[in-house]
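Undergrad: Okay, structure incoming, though there's no sequence with it:
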């Protein structure tokens with residue numbers, strides 16, 4: 001048991017996940033840092049009591065023989081994370097990783113429909129045209145009673161999501177659904193495919209001055225968001241766009257690298273944000289990646305993309321604008337003089353890192369605080385817009401009125 005628990009502590013402290021998915025810039029921690037923290041825990045007098053507690057549960061509890069070592073380790077990890085009392089830190093078991101990270105990556109295996117819990121059952125909220133669910137005949141409003149013969153009544157949304165997220169493409173699933181009123185039983189058979197999440201979309205709006213501007217909606221900073229924006233920027237350059245409305249309302253953040261890459265369209269060289277690593281007090285600057293793009297991403301940048309920096313930008317924000325989207329909003333205001341319109345933002349000025357726990361899964365821990373280039377922190381206070389407007393449509397109208 002002692003060997004297992006020492007391994008657990010080592011997993012906690014040594015295995016750093018290399019995924020680029022993080023709410024804010026990633027943390028790099030030296031091996032010496034890990035060794036010191038590991039020794040601090042293992043040499044603590046209370047560590048032997050921790051080992052004893054796990055042994056007692058296995059040996060003396062009436063269900064001790066039924067409880068696997070893995071269950072105990074999961075409980076210990078969850079307890080350690082809960083002790084931090086940080087709403088942004090969590091344990092992600094290995095069997096939940098696919099469902100957890102799928103939309104954060106932007107390309108994932110799926111069926112192409114969304115749902116929410118209504119009356120104790122997952123109820124179809126949207127069906128994407130052309131994806132397996134639509135082709136199999138699933139409809140908005142269908143109530144899903146069973147997934148591959150497993151009853152779904154009263155199961156929390158998170159667990160339903162894990163169950164109904166396929167690990168790979170070409171995964172067959174059978175849904176037993178109720179349709180209409182009164183309910184008619186329907187069986188839907190479908191096979192998963194690779195789905196690309198549309199994190200960035202655009203539309204053309206007309207401002208009071210009579211010319212067209214492009215509205216760009218960023219739903220989440222996924223890993224493929226930059227490529228999607230590249231296509232939109234190419235269209236903007238071909239149409240001689242005279243203004244951009246960047247809509248970050250209800251954008252809860254996502255991949256910090258994607259946010260910084262997107263900012264490179266609007267900002268030249270310079271510090272975007274400064275981070276303080278909470279573990280050892282180090283500071284680091286995150287800079288615009290202008291030179292990186294010029295050297296390595298020329299193949300998919302549209303010709304003449306540097307002209308975008310001369311296009312006026314207005315940014316829409318609200319209470320759902322958080323984390324990486326607040327980084328973008330602040331940087332655009334400080335560097336690009338972009339006015340912010342809407343409501344005060346969420347106020348998340350801390351970043352997380354994913355740490356790998358071997359075959360057990362990962363933990364997400366808050367590892368840094370960040371401030372803007374001008375030293376502004378949003379943590380707990382948010383960003384106050386230049387024009388505070390609550391109504392959704394009025395926010396757009398105000399944005400359009402600023403283009404002269």
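TA: Good, I have the coordinates. It should be emphasised that the depicted structure is a prediction, and the values quoted were computed from it without experimental measurement.
Undergrad: Now do the strands in the stretch 251-400 of the chain.
TA: Taking DSSP state E, counting those that start in this stretch to define them, one finds strands in the stretch 251-400 of the chain at 271-277, 283-287, 313-317, 340-342, 350-356, 361-372, 387-388.
Undergrad: hey, least reliable of those by pLDDT?
TA: Here the lowest mean pLDDT among those goes to strand 283-287, at a mean of 55.
Undergrad: For the most centrally placed residue in the chain, give the beta-bridge partners.
TA: Central residue check for the chain by Cα atoms, centre = their mean: the C-alpha nearest the mean position is that of residue 254, 3.5 Å away. Applying DSSP bridges to residue 254 gives these bridge partners: residue 221.
Undergrad: Where in the protein is the helix or strand with the lowest mean pLDDT?
TA: Least confident helix or strand of the chain, by mean pLDDT, DSSP states H and E, is helix 290-296 with a mean of 35.
Undergrad: ok so, going back, could you dump the strands of the stretch 251-400 of the chain into CSV with mean neighbour count and distance to residue 121 added?
TA: For the C-beta atoms, the positions are set from N, CA and C on the backbone; glycine is no exception. CSV is the format used below for the strands of the stretch 251-400 of the chain (neighbours: other Cβ atoms under 10 Å; distance: least, Cβ to Cβ, whole Å):
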stretch, mean neighbour count, distance to residue 121
strand 271-277, 20, 43
strand 283-287, 15, 44
strand 313-317, 26, 35
strand 340-342, 27, 35
strand 350-356, 23, 32
strand 361-372, 21, 28
strand 387-388, 14, 40
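Undergrad: Look at the residue of the chain most remote from its centre and report its pLDDT.
TA: Most distant residue from the mean C-alpha position of the chain: residue 60, 42.3 Å away (Cα atoms, centre = their mean). Residue 60 is assigned a predicted lDDT (pLDDT) of 95.
Undergrad: Distance to residue 147 added to the strands of the stretch 251-400 of the chain, as JSON lines?
TA: Shown next, in JSON lines, are those (distance: least, Cβ to Cβ, whole Å):
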{"stretch": "strand 271-277", "distance to residue 147": "42"}
{"stretch": "strand 283-287", "distance to residue 147": "42"}
{"stretch": "strand 313-317", "distance to residue 147": "38"}
{"stretch": "strand 340-342", "distance to residue 147": "39"}
{"stretch": "strand 350-356", "distance to residue 147": "28"}
{"stretch": "strand 361-372", "distance to residue 147": "22"}
{"stretch": "strand 387-388", "distance to residue 147": "45"}
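Undergrad: Of these, which is nearest residue 159?
TA: strand 361-372 (15.4 Å; Cβ to Cβ).
Undergrad: Strand partners (parallel or antiparallel) of that closest one?
TA: Strand 361-372 has these strand partners (DSSP bridges): strand 90-93 (antiparallel), strand 271-277 (antiparallel), strand 350-356 (antiparallel).
Undergrad: Could you export those strands as a markdown table, including distance to residue 78?
TA: Formatted as a markdown table, these follow (distance: least, Cβ to Cβ, whole Å):
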| stretch | distance to residue 78 |
| --- | --- |
| strand 90-93 | 5 |
| strand 271-277 | 25 |
| strand 350-356 | 15 |
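Undergrad: Compare these and give me the one nearest residue 82.
TA: With Cβ to Cβ as the criterion, residue 82 lies closest to strand 90-93 of the strands paired with strand 361-372, at 8.9 Å.
Undergrad: who touches the next helix or strand after the closest one?
TA: Where DSSP states H and E defines the elements, the next helix or strand beyond strand 90-93 is helix 97-105. Contacts to helix 97-105, defined as Cβ atoms under 8 Å, 6 or more residues apart in numbering, come from residues 19, 21, 92, 108-110, 161-162, 165-167, 197, 220, 222-224, 254-255, 361-362.
Undergrad: Which of those residues are buried, as a PyMOL select command?
TA: Only the buried entries of the contacts of helix 97-105 go into this PyMOL selection, using 16 or more other Cβ atoms under 10 Å:
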select buried, resi 19+21+92+108+109+110+161+162+165+166+197+220+222+223+224+254+255+361+362
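Undergrad: SS state for residue 198?
TA: Under DSSP: H, G, I helix; E, B strand; the rest coil, the three-state class of residue 198 is coil.
Undergrad: I'd like to know how many residues surround it.
TA: Residue 198: 14 surrounding residues under other Cβ atoms under 10 Å.
Undergrad: Next one: it from residue 151, what distance?
TA: Distance, residue 198 to residue 151, by Cβ to Cβ, to the nearest Å: 33 Å.
Undergrad: rewinding a little: let me see the contact set for the residue nearest to the centre of the chain.
TA: 21, 23, 104, 199, 220-222, 225, 323-324.
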